[in-house]
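Novice: Mind folding the following:
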Amino acid sequence: MKLFAISDIHLGYEINRQALATLPIYGDDWLILAGDVGETADHLRQALSLLTRRFARVIWVPGNHDLWTIPSAKKEEDALRGVAKYQHLVSICHEFGVLTPEDPYVIWPGEGQPALLAPLFVLYDYSFRPPEISLERAVAWAEEKNTVCMDEYVLHPDPYSSRIEWCRARYQYTLQRLEEVASEETPFILINHFPLRESLVQLKYIPRFSLWCGTHLTDFWHQRFPVSTVIYGHLHIRGTTFQDGVRFEEVSLGYPRQWSQERPLRSYLREILPGSGPDVTNITGYASL
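Specialist: This is a model prediction of the structure:
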């Protein structure tokens, strides 16, 4: 029995949908789906319908693409905004028996060390920026290098006044939950779409995209809590790093140009437990993340 992880499968692309359908049955194994399944509710349904038949349990956290409200949406459910959109996605997950950031954390029952699997939903607040750049000037600073995340147009924070306010509300909610269950006996595996530390955000070609990648509020969660591993995506730069003795796994698949169709999709699943060693296969990140 193993625990695997993948993120950023982007089912808006036909070739990604075809690749997902090639996954074999994994029996008793579990899968972490760490955000950016697609842009519509049907993308999520398609993924969960397939994955829940191939894995014994699936754990999901939302990515920014999942939360988008596309202006041309033809279905009422895809016109939902902000918290209402997120809650609708959670309800879809529950229809398939999939665990979400709104569910109790679960103990990993399989091979490897015991771990408390904690799916999270913490956004970003534009704090991943140089100290000399003010919050008020942050987006304009990114625009100077032709870098603007689509979230600025299609990820709405309703009913919050801003994505910053929504991020801080999710931070407080998540912090309280983690504090309630933290113990020295069982380490956490934290799962969030966005990186939990700025030091993980190494974007060679689009460095100013860091604004949309996380919050300093979570920079030290891997030390504040008994954490063994942190799972994240969003960057489209697959790889394993170790910081302060904690394993950080970026597990994205990415857009079709960012992964090899000559390799089967199953080869992009990252084994988290019992663990098969670090994956250092890196690819380039893009401003359309």
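Novice: pLDDT score assigned to the residue nearest in space to the middle of the chain?
Specialist: Centroid-nearest residue in the chain, with Cα atoms, centre = their mean: H193, separated by 1.7 Å. At H193, the predicted lDDT confidence score is 98.
Novice: And for the one 3 residues further on?
Specialist: At L196 the predicted local confidence, pLDDT, stands at 98.
Novice: which residue sits closest to it, ignoring its sequence neighbours?
Specialist: In space, and not counting its chain neighbours, L196 is closest to T218: 4.2 Å by Cβ to Cβ, 6 or more residues apart in numbering. Backbone N, C-alpha and C define where each C-beta goes, glycine included.
Novice: One more: L211?
Specialist: Leaving aside its sequence neighbours, L211 sits nearest to Y126 (Cβ to Cβ, 6+ apart; 4.7 Å).
Novice: Contacts only, for that neighbour.
Specialist: Y126 is in contact with L135, A138, V139, I164, L211, W212, counting by Cβ atoms under 8 Å, 6 or more residues apart in numbering.
Novice: residues in contact with V246?
Specialist: Per Cβ under 8 Å, 6+ apart, neighbours of V246: H222, Q223, V227, S228, T229, V230.
Novice: now that we have those residues, which one has the most neighbours?
Specialist: Greatest neighbour count in those, by other Cβ atoms under 10 Å, goes to V230: 26 neighbours.
Novice: where does it fall, phi/psi-wise?
Specialist: phi -120, psi 130 (degrees, to the nearest 10).
Novice: pretty sure it is touching F194, no?
Specialist: No - using Cβ atoms under 8 Å, V230 makes no contact with F194, being 11.0 Å away.
Novice: so what's D42 up against?
Specialist: Neighbours of D42 in contact, by Cβ under 8 Å, 6+ apart: K75.
Novice: now it: how far from P109?
Specialist: D42 sits 32 Å away from P109, going by Cβ to Cβ, to the nearest Å.
Novice: Excluding chain neighbours, what is closest to F194?
Specialist: G214 (4.6 Å).
Novice: again with A142
Specialist: Nearest non-adjacent residue to A142, counting by Cβ to Cβ, 6+ apart: R208, 4.1 Å away.
Novice: Kindly report the same for Y232.
Specialist: Y232's closest residue in space is P195 (Cβ to Cβ, 6+ apart), at 5.0 Å.
Novice: Same question for S49.
Specialist: Closest residue to S49 apart from its sequence neighbours, by Cβ to Cβ, 6+ apart: F96 at 7.0 Å.
Novice: from the contacts of V246, which is closest to E250?
Specialist: V230 (9.5 Å; Cβ to Cβ).
Novice: residues contacting the closest one?
Specialist: By Cβ under 8 Å, 6+ apart, the contact list for V230 reads I189, L190, I191, N192, L196, H222, V246, R247, F248, E249.
Novice: For the biggest helix by length in the chain, buried residues please.
Specialist: Counting by DSSP state H, the longest helix found in the chain is helix 163-181. Across helix 163-181, burial judged by 16 or more other Cβ atoms under 10 Å covers R163, I164, W166, C167, R168, R170, Y171, T174, L175, R177, L178.
Novice: And the last one, how close does it get to R257?
Specialist: As for L178, its distance to R257 is 37 Å (criterion: Cβ to Cβ).
Novice: Give me the distance between the residue nearest to L196 and F96.
Specialist: On the measure of Cβ to Cβ, T218 and F96 end up 28 Å apart.
Novice: Ok, T147 next?
Specialist: 36 Å.
Novice: Over to R247?
Specialist: Here the distance between R247 and F96 works out to 28 Å (Cβ to Cβ).
Novice: Hmm, V148 and the residue nearest to A142 touching each other?
Specialist: No - checked against Cβ under 8 Å, the pair R208 and V148 is beyond contact range at 9.3 Å.
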